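Undergrad: Using only what follows, build the 3D model:
(one chain, ligands or ions: 2)
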Amino acid sequence: MSYLKLENLTKEFVGRGGEGIVRAVDNVNIDIQEGEFLTLLGPSGCGKTTTLRLIAGFEFPTAGKIVLDGEVINEQPPNQRDMAMVFQSYAIFPHLNVFENIAYGLKIRRLPAQEIKEKVRRVLELTELTGLENRAPNALSGGQQQRVALARALVMEPKVLLMDEPLSNLDAKLRELMRTEIRRIQQSLGITSVYVTHDQVEAMTLSDRIVVMNQGRIEQVGSPQEIYRHPQTEFVADFIGRTNFVPGVVKAVEGQNVVVEALGRPLTIPLAERMLREGQHVKLVVRPETIQVVKGDAQYQGIIRWASYLGNVVEYEIEVAGQVLIAVDYDPRHTVIHSLEAQVGLNLLEDCLYLLPENGAD
Ligand SMILES: Nc1ncnc2c1ncn2[C@@H]1O[C@H](COP(=O)(O)OP(=O)(O)O)[C@@H](O)[C@H]1O
Ligand SMILES: [Mg+2]
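TA: Numbers count the residues shown, from 1 in each chain. Ligands and ions are numbered 1, 2, ... in the order given. Modelled structure (predicted):
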C-alpha cells in the first residue's frame, strides 16, 4: 500500500513572461511507500519544486489528487498536513538562536517546555549540533545552518519530510558529507522522504527510488540501478551519467539475446523487456565504462582523438567507424595511457549494453 500517492497531479500557472498557460506539472502519478526515500530529479524548470510544493500544500493542484495515508489532502492547508520542508535557502530565523529556531514549531503547537527541551535535545544529537544551542545563525557555518534547517524539520516528527535542493548552497566536500548524513538520519528514523535535486549523483547516492522528470512529466521511475542500467528513454540515458548512443539494426532475436549490427559488426546483447523485430532501427546505450580499450586484437579498431588523465581514471575520445565514442579506463595501474592518434582495439561489454528504439519510447 502506498503511503503518499500522487494521482494524475497537474498544475498550471499563468506564465510570467506572457507565454499563456504553463503546465509545470503534467499528469504525474507516483506511489511513495512508507519509509521510502524518493527523489525527484530533472533539469531546471522541469517541475520538481512545483510538485514538492503541491505535496506540502504551498500550491494547490489544477487537477488530480494527493493522498496521504489513505486520505485525500488536496484542500488541506500546509500546517494540517503533518509534513515538514527543508528549503534550499534554509529559511532559518536570523534573530533566534539555534535552540529557539528548532523549538519554534513545537512552541506554536504549545507543547510543555520540558517536552520541547527533550525533543530538541534529541534532534540536536541526531544532527550533531549539540553544544551550539545558544549560537546565533550568523555565527554558524553553511553546513551548520543546513543542519539547523534539517533539525527544525525533524523535530516536528512529520509523516513526510520534504527537501528542495537542500545541499546546493554548500561547497563540494560539505555536500558529500551532508549527503551521507541525510541518508543516515533518514534511515535511522525510517522517515518517508521526498527530495528534489538536479544533481544526478545526489539522487543516485541518497535514493531508494528516483523519479526522472522532464517538462512537467515523468520520464521514468526506478531504483538508481534500474535508471542507470535500463534507461527507458534517450532523455534519461543522457541525463543520468554519460552515454554513447550508437545506432544499430536488429539482425535476429535468439532466445534471451538479440543480435544487433552496430559500427559494422554484430553484437549479442541481452534481450530486455522490449519487443524487437528484425530490421528495426535501434540506439545502443553504451556507457563509457563498458568500453575496454586494449592494444591489438579486439571487436573494433579505433583511433584515439583525445585523452585526459584524471588521476583515478583516464578518459578517451576514440573514433570508431566514423563515430567518436567516450571511453573511461578505470585500471588503477594505468600501465598504458594511449597517445593521441594511436590505433587501439575496443571491446564492448555486450552484457552491459542496452537498447532503445530509434524514436524514443515504443
Ligand atoms: N508561480 C509561478 N508562476 C508561473 N510559473 C511558474 C510558477 N512557479 C513555477 N513556474 C514555472 O513552472 C515550471 C516549473 O518550475 P519549477 O517547479 O520551479 O521547476 P524546477 O524546480 O524543476 O526547476 C517553470 O517553467 C517555471 O517557470
Ligand atoms: Mg526547483
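Undergrad: residues from the stretch 51-200 of the chain in reach of ligand 1?
TA: Within the stretch 51-200 of the chain, no position is near ligand 1 by Cβ under 6 Å from any ligand atom. Backbone N, C-alpha and C define where each C-beta goes, glycine included.
Undergrad: Let's verify the residue positioned nearest the centre of the chain: helix, strand, or coil?
TA: The chain has A203 as the residue nearest its centroid, 2.9 Å off, counting by Cα atoms, centre = their mean. Three-state call for A203 (DSSP: H, G, I helix; E, B strand; the rest coil): helix.
Undergrad: Next one: it from ligand 1, what distance?
TA: Noted for A203: a distance of 13 Å to ligand 1, by Cβ to the nearest ligand atom, to the nearest Å.
Undergrad: Touching, that residue and F37? I think so.
TA: No - applying Cβ atoms under 8 Å, one finds A203 not in contact with F37, separated by 10.2 Å.
Undergrad: what touches both of the two?
TA: Y195 (Cβ atoms under 8 Å, 6 or more residues apart in numbering).
Undergrad: Tell me how this structure divides into domains.
TA: 4-238, 242-357 (automatic domain parsing).
Undergrad: which of those is buried the deepest?
TA: domain 4-238 (a mean of 18; mean count of other Cβ atoms under 10 Å).
Undergrad: tell me the mean pLDDT for that domain?
TA: Averaged across domain 4-238, pLDDT comes to 95.
Undergrad: which helices and strands sit right next to the longest helix seen in the chain?
TA: As assigned by DSSP state H, the longest helix anywhere in the chain is helix 172-189. Here helix 172-189 touches helix 113-126, helix 142-154, helix 200-206, going by 3 or more Cβ pairs under 8 Å, 6 or more residues apart in numbering; DSSP states H and E.
Undergrad: redo that, cut-off 10 Å
TA: strand 37-41, helix 113-126, helix 142-154, strand 160-164, strand 192-197, helix 200-206 (3 or more Cβ pairs under 10 Å, 6 or more residues apart in numbering; DSSP states H and E).
Undergrad: relative to strand 192-197, how tilted is the fourth one?
TA: Going back to what we said before, that points to strand 160-164. Relative orientation of strand 160-164 and strand 192-197, computed by axes from the mean of the first three to the mean of the last three Cα atoms, to 10 degrees: 10 degrees.
Undergrad: that older thread, which residues touch the residue nearest to the centre of the chain?
TA: Contacts of A203 were listed using Cβ atoms under 10 Å, 6 or more residues apart in numbering, and they are 38-42, 195-197, 209-212, 224, 227, 240.
Undergrad: can you tell me how far it sits from S223?
TA: Applying Cβ to Cβ, to the nearest Å, the value for A203 to S223 is 11 Å.
Undergrad: Need the residues touching each of those two.
TA: R209, I210.
Undergrad: where's V201 relative to P288, distance?
TA: From V201 to P288 the distance is 15 Å (Cβ to Cβ).
Undergrad: try D69
TA: 43 Å.
Undergrad: One more: E202?
TA: 21 Å.
Undergrad: what does H198 give?
TA: In terms of Cβ to Cβ, H198 sits 21 Å off from P288.
Undergrad: can you list contacts of stretch 114-133?
TA: Residues contacting stretch 114-133 (Cβ under 10 Å, 6+ apart): 97-107, 109-112, 135, 139-140, 143-144, 146-157, 181-182, 184-185, 188-189.
Undergrad: switch the cut-off to 8 Å
TA: Looking at what lies outside stretch 114-133 - Cβ under 8 Å, 6+ apart - the contacts are 97-99, 102-103, 106-107, 111, 140, 144, 147-148, 150-151, 154-155, 157, 181, 185, 188-189.
Undergrad: what's the answer for stretch 316-336, then?
TA: Contacts of stretch 316-336 (Cβ under 8 Å, 6+ apart): 242, 244, 246, 263-264, 286, 288-289, 291-293, 295, 300-309, 312-315, 338, 344, 346.
Undergrad: Those residues in strands, which ones?
TA: Using DSSP state E, the subset of the contacts of stretch 316-336 located in strands is 244, 246, 286, 291-293, 300-309, 314-315, 344, 346.
Undergrad: Please name the residues that touch R265.
TA: Taking Cβ under 8 Å, 6+ apart, one finds Q299, Y300 in contact with R265.
Undergrad: per-residue confidence for it?
TA: 94.
Undergrad: how near is it to L162?
TA: 49 Å.
Undergrad: what's the answer for V259, then?
TA: Distance of V259 to L162, computed by Cβ to Cβ: 47 Å.
Undergrad: in its sheet, what does the helix or strand hosting V67 sit against?
TA: Using DSSP states H and E, V67 falls within strand 63-68. Here strand 63-68 has these sheet partners by DSSP bridges: strand 4-14 (antiparallel), strand 71-72 (antiparallel).
Undergrad: wait, I303 sits on L346?
TA: No - between I303 and L346 there is no contact under Cβ under 8 Å: 10.6 Å.
Undergrad: pLDDT weak spots in the stretch 201-350 of the chain?
TA: Residue ranges of the stretch 201-350 of the chain with pLDDT under 70: 334-335.
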